[in-house]
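A.B. asks: got a predicted model here, sequence first, then my questions.
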Amino acid sequence: MPPPSSWSPNRFIPSNRPILGAEEIAAVTEVLQSGMLTHKSGAGTYTLRFEEAFAKFVGAKHAIAVNSGTAALHAALLAFDVKPGDEVIAPSFSFIATTNMVLLTGAKVVFADISMDTFNLDPEKVKAAITPRTKAIIPVHLYGHPANMDPLIEMASKHDIRIIEDACQAHGSKYRGQDVGTIGDVGCYSLYPSKVITTGEGGLLTTNDEDLAERLRQIRTHGEIKPYEYVQLGHNYRMPEIQAAIGLAQVNRLPEFLNARKVNAKYLTKNLRDIEGIALPNEASWATHNWYLYTIRILSPRKRDVVQKALHEAKIGAAVYYEVPLHLTPIYRKLFQYKEGFMPVSEQAAKEVLSLPVHPALTEEEQEWIVQQSRQALAQLG
Ligand SMILES: Cc1ncc(COP(=O)(O)O)c(C=O)c1O
């Protein structure tokens, strides 16, 4: 953890930041000295070791490292042969990578609205969206709170639909004690610098299905099964060894990071729970949150931006994920003519949410400052 001594209220507190140290530097140096910059053709071994460590951590049989969370989602869709004529159900309240990858396969995105208590897919809305063309459902474990998986799994097995879990924000989150990303057919993780663990840019897929794991490995390298023998279409989605070296060091520290996030979230809840006019983040009875984001709702929507501005002035990186639901982004409006009112819960959430810093690099003084300034900014709501 970074030293707290240099902190002053003049230093900006980011909403998230990577924690990198001697382990990561040593591992990257080793890769550079070895000259083995790729795992292709069995050169470097960090990627394999990183995959094994992550698979073990989440309790999956296989992990496949790729070069972004977006690549992980795309590879999963390709592995299930999602193509024009297919439909994929996904939330509109997410990062755009989730649905852009569906659209790039030529399939249709069918949006389903969310439940406000989890910010994730509402199973009833998913049920209503299923058609004979539904090929896959993508539950996003937004902010690190798991989606309600049991009803989705039941619908998927009844209608022979694949479940691709977007666990890009959910390393270490659990649903009924089981790691998300290991419950559906495949899990997709991001390792972008803001995430719970990072490799700079990077991603991971997890699955318990041996054949699927093999297909994903092939897709990662142009559909290749041995040098220059290509059996399906693919991409170059390989993770470089330097990234995998950082990743291995980060996985080793993941329990420590998750614990710090939990402690920090508890501190925020304890000190903000009496404030009127807001809703603190929920942790469902079946959920273990990883506290990737600590997201409150400001129940008078027009005041959210005022509170965020006040916190920014106090050098606190309070962030809005996401200000615009996907169906109302300029590109989706242009392509599909979506209008306001189409996904009412997602649209309301987009107006109300505000995430406060909860990451492990926060010092005690910074946390006290966040609480003090949040209380002050939120007092005007009463
Ligand atoms: C929910 C969600 N899906 C997908 C992605 C894409 O991951 P990446 O940025 O690693 O491509 C992200 C990352 O921000 C995400 O938060």
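C.D. replies: Great, that's in hand.
A.B. asks: where do the strands of the stretch 51-200 of the chain begin and end?
C.D. replies: 62-66, 87-91, 108-112, 114-115, 120-121, 134-137, 162-166, 174-175, 178-179, 186-190 (DSSP state E, counting those that start in this stretch).
A.B. asks: residues of the stretch 51-200 of the chain that sit close to the ligand?
C.D. replies: For the stretch 51-200 of the chain, the residues in contact with the ligand (Cβ under 6 Å from any ligand atom) are 68-70, 94-95, 97-98, 140, 166, 168-169, 190, 192. To be clear about C-beta, it is placed using only N, CA and C from the backbone, and glycine gets the same treatment.
A.B. asks: taking those one by one, which sit in helices?
C.D. replies: 69, 70, 97, 98 (DSSP state H).
A.B. asks: the last one contacts residue 90, correct?
C.D. replies: This means residue 98. Yes. Using Cβ atoms under 8 Å, residue 98 is in contact with residue 90, at 5.5 Å.
A.B. asks: which residues are in contact with each of the two?
C.D. replies: 138, 140 (Cβ atoms under 8 Å, 6 or more residues apart in numbering).
A.B. asks: quick one: which of the residues of the stretch 51-200 of the chain next to the ligand has the most company?
C.D. replies: Neighbour counts for those (other Cβ atoms under 10 Å) peak at residue 166, which has 32 neighbours.
A.B. asks: who's in contact with that residue?
C.D. replies: By Cβ under 8 Å, 6+ apart, the neighbours of residue 166 are 69, 73, 94, 98, 138, 139, 140, 141, 188.
A.B. asks: leaving out chain neighbours, which residue sits closest to it?
C.D. replies: residue 140 (4.1 Å; Cβ to Cβ, 6 or more residues apart in numbering).
A.B. asks: per-residue pLDDT, that neighbour?
C.D. replies: In this model, residue 140 is scored at 98, pLDDT.
A.B. asks: next, the contact list for it, please.
C.D. replies: 90, 91, 94, 95, 98, 120, 121, 147, 166, 168, 169.
A.B. asks: do residue 203 as well
C.D. replies: 65-72, 168, 188-191, 239.
A.B. asks: max pairwise distance over the residues you listed: which two?
C.D. replies: 168 and 239 (15.1 Å; Cβ to Cβ).
A.B. asks: all helices of this protein, in order?
C.D. replies: 22-34, 46-58, 69-79, 97-105, 123-129, 149-159, 210-220, 241-272, 301-313, 330-336, 344-352, 364-379.
A.B. asks: got the contact list for the second one?
C.D. replies: Same thing as helix 46-58. Contacts for helix 46-58 (Cβ under 8 Å, 6+ apart): 27, 31, 39, 61-65, 171-172, 179, 181-182, 187, 189, 204, 206, 238-239, 241, 244-245, 247-248, 251-252, 254.
A.B. asks: hmm, back to that, TSV please, covering the ones in helices among the residues of the stretch 51-200 of the chain next to the ligand and showing distance to residue 20.
C.D. replies: As requested, these are arranged in TSV below (distance: Cβ to Cβ, whole Å):
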residue	distance to residue 20
69	19
70	22
97	24
98	27
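A.B. asks: sketch out the low-pLDDT regions of the chain for me.
C.D. replies: Counting by pLDDT under 70, the chain shows low-confidence ranges at 1-9, 382.
A.B. asks: before we move on, the earlier item: just the buried residues out of the contacts of helix 46-58, in PyMOL syntax.
C.D. replies: Buried residues among the contacts of helix 46-58 (16 or more other Cβ atoms under 10 Å), as a PyMOL selection:
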select buried, resi 27+31+39+62+63+64+65+171+172+179+181+182+187+189+204+206+238+239+241+244+245+247+248+251+254
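A.B. asks: so what's the spatially closest residue to residue 379 that is not a sequence neighbour up against?
C.D. replies: Spatial nearest neighbour of residue 379, excluding adjacent residues (Cβ to Cβ, 6+ apart): residue 275 at 7.8 Å. Listed by Cβ under 8 Å, 6+ apart, the contact partners of residue 275 are 375, 378, 379, 381, 382.
A.B. asks: which one of these has the most neighbours?
C.D. replies: Busiest of those [other Cβ under 10 Å] is residue 378, holding 21 neighbours.
A.B. asks: my read: that residue touches residue 306, true?
C.D. replies: No. The pair residue 378 and residue 306 does not pass the contact test of Cβ under 8 Å, sitting 10.1 Å apart.
A.B. asks: how close does residue 46 sit to residue 173?
C.D. replies: 25 Å (Cβ to Cβ, to the nearest Å).
A.B. asks: quick one, what contacts the residue of the chain found nearest the ligand?
C.D. replies: Minimum separation of the chain from the ligand (Cβ to the nearest ligand atom) falls at residue 69, amounting to 2.5 Å. Applying Cβ under 8 Å, 6+ apart, we find residue 69 in contact with 97, 166, 168, 188, 189, 190, 191, 192, 203.
A.B. asks: let's see 6 Å
C.D. replies: Neighbouring residues of residue 69 by Cβ atoms under 6 Å, 6 or more residues apart in numbering: 168, 188, 190, 203.
A.B. asks: tell me how many other residues crowd the second one.
C.D. replies: Applying the criterion other Cβ under 10 Å, we find 32 residues in the vicinity of residue 188.
A.B. asks: contacts only, for it.
C.D. replies: Contacts of residue 188 by Cβ under 6 Å, 6+ apart are 69, 72, 73, 76, 166, 205.
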